[in-house]
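[1] Generate a structure from the sequence data that follows.
(one chain, ligands or ions: 1)
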Amino acid sequence: MSENLELENVSYKKNRQEILKNINLKIGKGKIVALLGENGAGKTTLMRIISGLAKNYHGIVKVNGEQDVVQRKANLSMTDALKGLLESYTIEQVKNFFLSLYSDFDIEEFEKLKDFMKLNDEMKLSQLSRGMKQKLEIALTLSRKTNLYLLDEPFSGIDVMARKRIINSILLWKDPDATIIISDHFVNEISSILDEIVIIKDKTIYRHLSADDVRAEGKSIDQYYEALYEDGGTE
Ligand SMILES: Nc1ncnc2c1ncn2[C@@H]1O[C@H](COP(=O)(O)OP(=O)(O)OP(=O)(O)O)[C@@H](O)[C@H]1O
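    Residues are numbered from 1 along each chain as shown. Presented below is the predicted three-dimensional model:
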């Protein structure tokens with residue numbers, strides 16, 4: 001059976017500058033994975049490569065065994081849902097747009113998530129705060145029934161209490177076979193739901209390990225992550 005995500009020797013340059021090199025990564029079905037790294041390490045770029053937004057990379061990218069970009073897009077859902085949408089759109093219009101665009105968009109799931117996020121149909125995008133927009137993006141992203149979810153710093157503008165509520169609920173919303181990759185700078189907040197950790201450093205995958213292995217060492221995931229940099233890893 002194929003992995004939900006496979007990257008083989010992926011490299012990417014932008015304006016002749018090397019951004020990522022020799023990325024090899026396999027993520028199995030059902031895993032929740034943290035994608036970690038300093039500012040500018042390449043987390044967003046990696047997600048954009050996987051989702052087919054960043055082009056002209058070298059190497060092989062497969063989502064649910066599919067290499068073709070159209071197939072990959074059909075097999076993943078990413079938190080860039082509101083990009084390009086008119087600010088005058090109401091949430092109801094956004095919902096209808098998603099319904100027309102994605103055959104896997106689960107309207108009942110969206111209604112539940114929308115209530116959970118304390119959003120309503122009449123709200124216009126222009127009236128939403130940054131945190132409210134992020135909540136809407138999470139709701140839209142998770143309402144698609146797909147194999148891979150890419151959440152790029154999904155909680156950065158969301159207040160602490162709502163963040164905890166959302167993180168704790170991800171396990172309930174998630175299909176057991178679906179894989180979620182979350183990039184985040186607040187590792188301790190998501191650590192309880194993680195199965196694996198991927199760290200990008202020096203333009204490549206620096207560590208890929210199971211969260212249980214870290215816990216078995218008696219360390220929390222953020223302690224482990226911080227120690228990597230304290231040990232002189234910031235060169
Ligand atoms: N449009 C662009 N043109 C040129 N270089 C870019 C562009 N976007 C990103 N980069 C470069 O690509 C590298 C990786 O950026 P990326 O946004 O993927 O990092 P990140 O790990 O997501 O960072 P952060 O944690 O700050 O969001 C950086 O060195 C950045 O300068």
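[2] Which stretches in this protein count as strands?
    Assigned by DSSP state E, the chain shows strands spanning 5-14, 17-27, 32-36, 58-63, 76-78, 148-152, 179-183, 196-201, 204-210.
[3] Mean pLDDT for those - can I get that in a markdown table?
    A markdown table is the format used below for the strands of the chain (pLDDT from 0 to 100):
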| stretch | mean pLDDT |
| --- | --- |
| strand 5-14 | 97 |
| strand 17-27 | 96 |
| strand 32-36 | 96 |
| strand 58-63 | 97 |
| strand 76-78 | 95 |
| strand 148-152 | 96 |
| strand 179-183 | 96 |
| strand 196-201 | 96 |
| strand 204-210 | 95 |
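[4] and E230, which of these is closest to it?
    strand 196-201 (13.7 Å; Cβ to Cβ). No exception for glycine: its C-beta is placed from N, CA and C like everyone else's.
[5] Spell out which residues sit in contact with S129, please.
    S129 makes contact with G157 under the criterion Cβ atoms under 8 Å, 6 or more residues apart in numbering.
[6] Domain boundaries for this protein, per the record?
    1-75+150-162+174-235, 82-145 (automatic domain parsing).
[7] Dump the strands of the chain to JSON lines, plus mean neighbour count and distance to the ligand.
    Formatted as JSON lines, the strands of the chain follow (neighbours: other Cβ atoms under 10 Å; distance: least, Cβ to the nearest ligand atom, whole Å):
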{"stretch": "strand 5-14", "mean neighbour count": "18", "distance to the ligand": "4"}
{"stretch": "strand 17-27", "mean neighbour count": "17", "distance to the ligand": "4"}
{"stretch": "strand 32-36", "mean neighbour count": "23", "distance to the ligand": "8"}
{"stretch": "strand 58-63", "mean neighbour count": "18", "distance to the ligand": "15"}
{"stretch": "strand 76-78", "mean neighbour count": "25", "distance to the ligand": "13"}
{"stretch": "strand 148-152", "mean neighbour count": "23", "distance to the ligand": "7"}
{"stretch": "strand 179-183", "mean neighbour count": "25", "distance to the ligand": "6"}
{"stretch": "strand 196-201", "mean neighbour count": "21", "distance to the ligand": "7"}
{"stretch": "strand 204-210", "mean neighbour count": "15", "distance to the ligand": "12"}
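[8] Let me see the confidence value for the nearest residue to R163 once chain neighbours are set aside.
    Sequence neighbours aside, F155 is the residue nearest to R163 in space, at 4.7 Å (criterion: Cβ to Cβ, 6 or more residues apart in numbering). Looking at F155, its pLDDT is 92.
[9] Show me what T204 bridges to in the sheet.
    Counting by DSSP bridges, T204 is bridged to K201.
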